[in-house]
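# test case, fold it:
(2 chains)
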Amino acid sequence: EPEVTQTPSHQVTQMGQEVILRCVPISNHLYFYWYRQILGQKVEFLVSFYNNEISEKSEIFDDQFSVERPDGSNFTLKIRSTKLEDSAMYFCASRDPKNIQYFGAGTRLSVL
Amino acid sequence: LAKTTQPISMDSYEGQEVNITCSHNNIATNDYITWYQQFPSQGPRFIIQGYKTKVTNEVASLFIPADRKSSTLSLPRVSLSDTAVYYCLVGPLRSYIPTFGRGTSLIVHP
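Coordinates of the predicted model:
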């Protein structure tokens, strides 16, 4: 069964550093998403991406965040200058035509 | 977007059938009902989706009454591995942003 893959599974970084989280969505899906989940809290939408551009973003997705699809397979989330409160699980998802989202296993980001 | 309400938690025992009900009083005509499951430190996983009446797949059934103001996810004969958080989401098939609430934390006991 096709799946969304995310790397790395765990990223540790120092406050103020840049991180790039990587995702390979399911190949024939057209919509891609990033979500985050702070420990013990809800899954929160960050951004959706379609046709090589952002289609929607939440208030969380400020200027520190950016997304890119650098080639035909990867979808990345960059956090320019990490803060302690960015520590969370980050999930990538891609969507099929029935609006069913398929999530990756996530990247645990720990900002020290 | 339709607001959903589900129990915060439920307890069950292995082998029992579990029914989790979700209320969505202001569901729109073109909204579908989708359930996801999430294990700790993993991404949500699609379980089942439906529009009306009953939908069944290899893992669950979804019952939707005629007025569609609620839906019930039914898990037959749960096992310990069904311990997870279950989310009910309501929205159209065309692009919308799924909003995950707190979900229902199901604990299955031996």
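
# and the gap between whatever residue of chain B ends up closest to chain A and residue B:17?
Scanning chain B for the residue nearest chain A gives residue B:43, at 3.0 Å (criterion: CB to the nearest CB). Every C-beta, even on glycine, is put in place using the N, C-alpha and C of the backbone. Here residue B:43 is placed at a distance of 26 Å from residue B:17 (CB to CB, to the nearest Å).

# these two - which one has more neighbours?
The residue with more neighbours, out of residue B:43 and residue B:17 and counting by other CB atoms under 10 Å in any protein chain shown, is residue B:43; that gives 23 against 11.

# strands of chain A, residue ranges please.
Listed from the start of the chain, chain A has strands (DSSP state E) covering A:5-7, A:10-13, A:19-24, A:31-37, A:43-50, A:53-57, A:65-68, A:75-79, A:88-95, A:101-103, A:107-111.

# quick check: residues of chain B near chain A?
B:32, B:34, B:38, B:41-46, B:49, B:87, B:91-102 (CB under 8 Å from any CB of the partner chain).

# what sits against the residue in chain A that chain B sits nearest to?
Of all residues in chain A, residue A:103 sits closest to chain B, with a separation of 3.0 Å (CB to the nearest CB). For residue A:103, the residues meeting the contact criterion (CB atoms under 8 Å, 6 or more residues apart in numbering or on different chains) are A:4, A:35, A:91, A:92, A:93, B:43, B:44, B:45.

# need these in JSON lines (columns: pLDDT and distance to residue A:112).
Below are those laid out as JSON lines (pLDDT from 0 to 100; distance: CB to CB, whole Å):
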{"residue": "A:4", "pLDDT": "96", "distance to residue A:112": "27"}
{"residue": "A:35", "pLDDT": "96", "distance to residue A:112": "23"}
{"residue": "A:91", "pLDDT": "97", "distance to residue A:112": "22"}
{"residue": "A:92", "pLDDT": "97", "distance to residue A:112": "23"}
{"residue": "A:93", "pLDDT": "96", "distance to residue A:112": "27"}
{"residue": "B:43", "pLDDT": "94", "distance to residue A:112": "24"}
{"residue": "B:44", "pLDDT": "95", "distance to residue A:112": "28"}
{"residue": "B:45", "pLDDT": "95", "distance to residue A:112": "30"}
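
# PyMOL command for the buried members of those?
PyMOL command restricting those to the buried ones, with burial defined by 16 or more other CB atoms under 10 Å in any protein chain shown:
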select buried, (chain A and resi 4+35+91+92+93) or (chain B and resi 43+44)
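
# ok, the residue of chain A closest to chain B to residue B:61 distance?
To residue B:61, residue A:103 is 23 Å away according to CB to CB.

# same question for residue A:69.
Here the criterion is CB to CB. By it, residue A:69 lies 38 Å from residue B:61.

# for the spatially most central residue of chain A, report the pLDDT, please.
Nearest to the geometric centre of chain A sits residue A:34, at 3.4 Å (CA atoms, centre = their mean). Model confidence at residue A:34, expressed as pLDDT, equals 97.

# beta partners for it?
In this structure, residue A:34 has beta-bridge partners residue A:47, residue A:92, where bridges are defined by DSSP bridges.

# tell me the SS of residue B:81?
Secondary structure of residue B:81, reduced to three states by DSSP: H, G, I helix; E, B strand; the rest coil: helix.

# now for the residue nearest to it when sequence neighbours are not counted: which residues touch it?
Counting by CB to CB, 6 or more residues apart in numbering or on different chains, the nearest residue to residue B:81 once its immediate chain neighbours are dropped is residue B:108, at 7.9 Å. Remark: with contacts taken as CB under 8 Å, 6+ apart, residue B:108 is in contact with B:11, B:12, B:13, B:14, B:18, B:78, B:79, B:80, B:81, B:82, B:83.
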